[in-house]
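Asker: Sequence first, then the predicted structure, then my questions.
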Amino acid sequence: MTRNRLVTGLIFAMALAFFLSAFVYREFKAVSAAPPVVQMQHIVVAAAPLALGTRLDSSKLRTIPWPAGQPVRGMFTRVEDCEHRALVSDVAENEPILESKLAPVEAGAGLSATIPEGMRALSVAVNDVIGVAGFVTPGTMVDVLVTGAIAGPGKEQGAGGNITRTILENVRVLAAGQKIQQDRDGKPQTVPVITLLVTPEDAAKLAMASTEGKIQLALRNTIDTAKSSPPAVLQATLFAPAAAPVVERHTVSARPAAPPAPYTVEVINGTKQETKEFPKP
């Protein structure tokens, strides 16, 4: 009887140990399979697509959850920190608002807010030809060529002919007319004025070229930033007549003149007769 109780107790203990170990195993497995808890915070994003130069307010912004362990440099966590500042680039919907995309608080809005410190915006008059048939639009890059008269020795305007040279390379177009945004479909824009982003020194060059000469814009690929520094073209060189073909001349050495024929004299001495020759003087 005692032996049976012992066996029964042993079986019960083994069964209890099995169930306890299975329970512990399931609990450990559930803990290991559960995803880690991610701490979240909120960041400021655009509530809708916003154009360059737009002044921000609460109606154009909102916040979305963002992992706290993955901060973005220059991000904002409060809408009020972005208000009354203008964008210096286009922003898509739900794109984070970053410090690098905002103009300083005192910069205002519109075109002036998009001009970096130390740069200038200068407008020049254009037509369909100068503006490359309207394809010189905001955001494109251009070279500026100028054609003018060269002063001659007497300093008279035009006495030395005309010259065309490239005075500026890889210049960004800020605005076409009063538009600071490029057409999304890339359509040309016929405008009377183009505004370029230049340094103060280049602004002086451009002002002189547009008033004293005739400028021409050359459109370039936006990813082509290399400067080629092309040589100037002179009117005299461009319209000079074609050079005459060079005729090779062969020098023939002169042969010496043949000496004159001598005088022939027949001399008779008695019965002896002989012929003598005397050279001509």
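Answerer: Okay, I see it.
Asker: what's across from Leu196 in the sheet?
Answerer: Taking DSSP bridges as the rule, Leu196 bridges to Leu122, Val173.
Asker: Distance-wise, check it relative to Ser210.
Answerer: For Leu196, the distance to Ser210 (CB to CB, to the nearest Å) stands at 10 Å. In short, each C-beta sits where N, CA and C put it, glycine included.
Asker: okay, these two: which has more neighbours?
Answerer: A count of neighbours by other CB atoms under 10 Å puts Leu196 above the other of Leu196 and Ser210, at 22 against 17.
Asker: Now do the contacts for that one.
Answerer: By CB atoms under 8 Å, 6 or more residues apart in numbering, the contact list for Leu196 reads Ala121, Leu122, Ser123, Val124, Val142, Val144, Leu168, Val171, Arg172, Val173, Leu174, Leu206.
Asker: Skipping adjacent residues, who's closest to the fifth one in space?
Answerer: Closest residue to Val142 in three dimensions, ignoring its sequence neighbours and counting by CB to CB, 6 or more residues apart in numbering: Leu217, at 4.6 Å.
Asker: so what's the one you found bridging to?
Answerer: Val144.
Asker: Wait, it touches Thr140, no?
Answerer: No - between Leu217 and Thr140 there is no contact under CB atoms under 8 Å: 9.4 Å.
Asker: between the two, who's got more neighbours?
Answerer: For Leu217 versus Thr140, neighbours defined as other CB under 10 Å are more numerous around Leu217 (23 against 19).
Asker: distance of the residue nearest to Val142 from Asn94?
Answerer: From Leu217 over to Asn94 (counting by CB to CB), the distance is 37 Å.
Asker: Which residue ranges of the stretch 51-200 of the chain form strands?
Answerer: Under the criterion DSSP state E, counting those that start in this stretch, strands of the stretch 51-200 of the chain are mapped to 61-67, 120-125, 141-149, 162-176, 193-198.
Asker: Counting neighbours, what do you get for Gly118?
Answerer: The number of residues near Gly118, taken as other CB under 10 Å, comes to 7.
Asker: what does Ala103 give?
Answerer: Neighbours of Ala103 (other CB under 10 Å): 20.
Asker: who touches it in this structure?
Answerer: Ala103 sits next to Arg85, Ala86, Leu87, Val88, Ala109, Ala113, Thr114 when contact means CB under 8 Å, 6+ apart.
Asker: my guess is the first one contacts Lys101, does it?
Answerer: Right, the one you point to is Arg85. No - using CB under 8 Å as the test, Arg85 is too far from Lys101 to be in contact (9.4 Å).
Asker: Output stretch 14-30 in CSV, but only the C-alpha positions, please.
Answerer: Included here for stretch 14-30 are C-alpha records, laid out as CSV according to Å, rounded to 0.1, in the frame of the first residue of the first chain:
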residue,chain,number,x,y,z
MET,A,14,6.6,14.3,-12.7
ALA,A,15,3.4,15.4,-14.3
LEU,A,16,3.4,18.7,-12.3
ALA,A,17,7.0,19.3,-13.3
PHE,A,18,6.2,18.7,-16.9
PHE,A,19,3.3,21.2,-16.9
LEU,A,20,5.3,23.7,-15.0
SER,A,21,8.3,23.5,-17.5
ALA,A,22,5.9,23.8,-20.4
PHE,A,23,4.3,26.8,-18.9
VAL,A,24,7.7,28.5,-18.3
TYR,A,25,8.8,27.6,-21.9
ARG,A,26,5.6,29.2,-23.4
GLU,A,27,6.1,32.4,-21.3
PHE,A,28,9.7,32.8,-22.3
LYS,A,29,8.8,32.2,-25.9
ALA,A,30,6.1,34.8,-25.8
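Asker: Just the mean pLDDT for it, thanks.
Answerer: For stretch 14-30, the mean pLDDT works out to 72.
Asker: roughly how far out does it sit from the chain middle?
Answerer: 68 Å (CA atoms, centre = their mean, to the nearest Å).
Asker: Next up, the contacts around the spatially closest residue to Val129 that is not a sequence neighbour.
Answerer: Distances taken as CB to CB, 6+ apart put Gln216 closest to Val129, at 7.6 Å, once the chain neighbours are dropped. Applying CB under 8 Å, 6+ apart to Gln216 gives the contacts Val129, Ile130, Val144, Leu145, Val146, Thr147.
Asker: Fine by me, thanks again.
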